[in-house]
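got a predicted structure here, sequence first:
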Amino acid sequence: MSAATAQAHPAMDARGWDEAAYRRGILRGRDLSCRTLFRAVFFDHSDEPDPDVLLAAASSDGSLASFSLSSCISSATATPSQPDAAALVDPVCIVQAHRGPAYDVRFYPDPQQPLLFSCGDDGRIRGWRWHEMQSCLVPLSLQGDHLEPALDLVNPQHEGPWGARSPIPENNAIAINKQEGSIFAAAGDACAYCWDVESGKCKMTFKGHTDYLHSIAVREANRQVVTGSEDGTARIWDCRGGKCTQVIHPVKNKAFKSSWVSCVAIDASESWLACGTSSGVSVWSLLSNECVFNLDCHAPVQDLLFDKNQILAVGAEPVLSRFTINGTVLSQIKCAPQSAFSVSIHSSGIAAVAGYGGLVDVISELGSHLCTFGSRGLDK
């Protein structure tokens, strides 16, 4: 190509071609397309009169990121030429929280110093100072290892013959009991662990499941926890002695050779238990220990929660479903992630659905889509 042609058509000039940058861009695009956000939660513990809505998300690349919802909405509206494409936004702060995927993230509400707890495939539970993440002045390109966790807990290893130790089991889910100052973990060794936040020591181990745990929820008033497992059962445990007080079998569809309990949730009155399973949703009365309804769904349910006297559920299809406590389907809203792993709700009624593709779909109380965004993530 002559110099004159290169000046006339600068886009065709290959002399400045950066093959390494091109390769990095391709790999980054592939990483973004297959990334999964396993959990996105709202920070809903502020006393300010009209604070910005903040979220935290746990990603399959092991990162933990915080977002400003107003910034996400601005980024989405700034690209009107691609209305169906998710906006790629910069997080307020991002840290490399775990080696391997980060599976869950929960807030520990403390008025002086709220903590953000994360867990992952490396068997660790880490507590991060939320105010440090929100006031971070480090440029985004230099973030990742710039913050140290305030608390770092590691699951115990089991000892076998001749002193051999098992691998550290992963943590698939965590739950918070602020009243007792405890954090509970659902682990991959079929056990649940109770940790003391103040001392960082393991207070109790719950043993009884025959396969790894998917989820865990706290019933504070009764000092109980509920676990859901790959073995197809949910179990209720007494936190005072670590004993199992009830075994629940939510999966009733015998057509499924493999059945599991992927998620559990307890309502605000602590009277109702909802279980998401490989075949649908099962709701139980914790007062009478009876099943209220079993509802078959088109795909496995991967997360659910109570919204007053209703249930929100998401799973391996791009749909956010809302049910009554009696199993009547009230609405089904199409959402961006083709497989949704998490649903969270803000006190204002806004819901956030996160899942495959590294996407978060923010849906208003009326069912309209406020924005859909993906995180830029760590540039490795």
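Structure received. Treat the numbers as computed from the prediction; the structure is a model and nothing was measured.

switch to C-alpha atoms for all contacts and neighbour counts from now on
Fine.

so which helix or strand takes in the most centrally placed residue in the chain?
The chain has residue 39 as the residue nearest its centroid, 1.6 Å off, counting by CA atoms, centre = their mean. Under the criterion of DSSP states H and E, residue 39 resides in strand 37-43.

so after the helix or strand where residue 313 lies, what's the next helix or strand?
Using DSSP H and E, residue 313 sits within strand 310-315. For strand 310-315, the following helix or strand on the C-terminal side (DSSP H and E) is strand 317-324.

mind listing what that following strand pairs with, with the direction of each?
Strand pairing for strand 317-324, determined by DSSP bridges: strand 310-315 (antiparallel), strand 329-334 (antiparallel).

how far does it sit from the chain's center?
Distance, stretch centre to chain centre, for strand 317-324: 17 Å (CA atoms, centre = their mean, to the nearest Å).

check stretch 19-31 too.
27 Å.

in stretch 324-335, what counts as buried?
Within stretch 324-335, the residues that count as buried by 16 or more other CA atoms under 10 Å are 324, 325, 327, 332, 335.

quick check: the farthest pair among those residues?
Largest separation among these by CA to CA: 325 and 335, giving 22.6 Å.

circling back: thought the residue nearest to the centre of the chain was touching residue 60?
No - taking CA atoms under 8 Å as the definition, residue 39 is not a contact partner of residue 60, at 9.8 Å.

tell me, what's touching these two both at once?
residue 103 (CA atoms under 8 Å, 6 or more residues apart in numbering).

residues touching the closest residue to residue 351 other than its chain neighbours, list them.
Using CA to CA, 6 or more residues apart in numbering and skipping the chain neighbours, the partner closest in space to residue 351 is residue 345 (4.3 Å). Residues in contact with residue 345 (CA under 8 Å, 6+ apart) are 41, 42, 307, 351, 352.

what is the orientation angle of the helix or strand containing the last one with strand 37-43?
When secondary structure is defined by DSSP H and E, residue 352 falls within strand 351-355. Between the direction of strand 351-355 and that of strand 37-43, the angle (axes from the mean of the first three to the mean of the last three CA atoms, to 10 degrees) works out to 160 degrees.

just the CA atoms of strand 351-355, as CSV, please.
Below are the C-alpha coordinates for strand 351-355, written out as CSV (Å, rounded to 0.1, in the frame of the first residue of the first chain):
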residue,chain,number,x,y,z
ALA,A,351,-36.0,-6.7,41.2
ALA,A,352,-32.6,-7.8,39.8
VAL,A,353,-32.2,-11.0,37.8
ALA,A,354,-28.6,-12.2,37.2
GLY,A,355,-27.3,-15.2,35.3
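
elements contacting that strand?
Other helices and strands packing on strand 351-355, by 3 or more CA pairs under 8 Å, 6 or more residues apart in numbering; DSSP states H and E, are strand 37-43, strand 340-345, strand 359-363.

for it, give me every contacting residue.
36-41, 314, 320, 335, 337-345, 360-365.

sorry, back to before: next, format the helices and strands packed on strand 351-355 as a markdown table and append mean pLDDT and distance to residue 240.
Below are these laid out as a markdown table (pLDDT from 0 to 100; distance: least, CA to CA, whole Å):
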| stretch | mean pLDDT | distance to residue 240 |
| --- | --- | --- |
| strand 37-43 | 96 | 29 |
| strand 340-345 | 97 | 30 |
| strand 359-363 | 96 | 38 |
